[in-house]
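Asker: Show me the folded form of this:
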Amino acid sequence: MSRIPLPDILKRITGELELLAAEAGKLDRTIAMGLGHANGRERGQTAHLQQADHLRQHAEDLARFLRVLSPSVPEDITANADSAIEGLQLRALAHRLSGTPHPAGNESGDVELL
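Answerer: As a prediction, the model looks like this:
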């Protein structure tokens with residue numbers, strides 16, 4: 001059982017949310033480009049674009065919240081994150097959250113199960 005300072009965990013989660021927001025932004029732009037190339041706009045297409053933008057904003061706001069909150073948490077508060085990390089599907093994410101180096105191989109963590 002390894003105990004990790006809670007502020008460190010919060011900072012790592014903040015970084016992951018920032019990555020998620022960036023990916024959601026890419027998705028948002030991709031959908032917008034697709035809508036621009038579509039001949040006829042269907043009613044649901046604009047709703048999909050708004051959902052992707054909402055996903056980006058949601059991740060950005062959560063990251064912003066944790067970025068401001070984490071410095072106020074005392075360093076001596078620790079948590080055992082082993083069980084939570086073991087339950088993750090993406091190996092690269094699990095390594096980043098645990099603070100351990102990711103072994104060589106698939107760095108993206110996509111479709112890679114623990």
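Asker: and after the longest helix seen in the chain, which helix or strand comes next?
Answerer: Using DSSP state H to define each element, the chain has its longest helix at helix 6-37. Later in the chain than helix 6-37, the nearest helix or strand by DSSP states H and E is helix 43-69.
Asker: burial count for the closest residue to Asp76 other than its chain neighbours?
Answerer: Closest residue in space to Asp76, ignoring its immediate chain neighbours: Pro5 at 7.6 Å, by CB to CB, 6 or more residues apart in numbering. Where you see a C-beta, it was placed from the backbone N, CA and C, and this is true even at glycine. A total of 15 residues lie near Pro5 under the criterion other CB atoms under 10 Å.
Asker: OK, contacts around Pro5?
Answerer: Residues in contact with Pro5 (CB atoms under 8 Å, 6 or more residues apart in numbering) are Glu75, Asp76, Ile77, Thr78.
Asker: Between those, identify the one with the most neighbours.
Answerer: Thr78 (15 neighbours).
Asker: tell me the mean pLDDT for stretch 31-48?
Answerer: Averaged over stretch 31-48, pLDDT sits at 67.
Asker: Let me see the domain layout of this structure.
Answerer: Segmentation of the chain into domains, based on automatic domain parsing, reads 3-77, 81-114.
Asker: and these, which one's lowest on average pLDDT?
Answerer: Among the domains of the chain, domain 81-114 carries the lowest mean pLDDT, at a mean of 78.
Asker: Leaving out the residues flanking it, which one is nearest to Thr78?
Answerer: Using CB to CB, 6+ apart, the closest residue to Thr78 is Arg3 (3.9 Å).
Asker: same question, Ala52
Answerer: Asp28 (4.2 Å).
Asker: so that neighbour makes contact with Asp53?
Answerer: Yes: here Asp28 reaches Asp53: they are 5.1 Å apart, a contact under CB atoms under 8 Å.
Asker: Name the residue in those two with the higher neighbour count.
Answerer: Higher neighbour count among Asp28 and Asp53: Asp28, with 20 against 17, using other CB under 10 Å.
Asker: for the more buried one, what are its contacts?
Answerer: Leu49, Ala52, Asp53, Leu55, Arg56.
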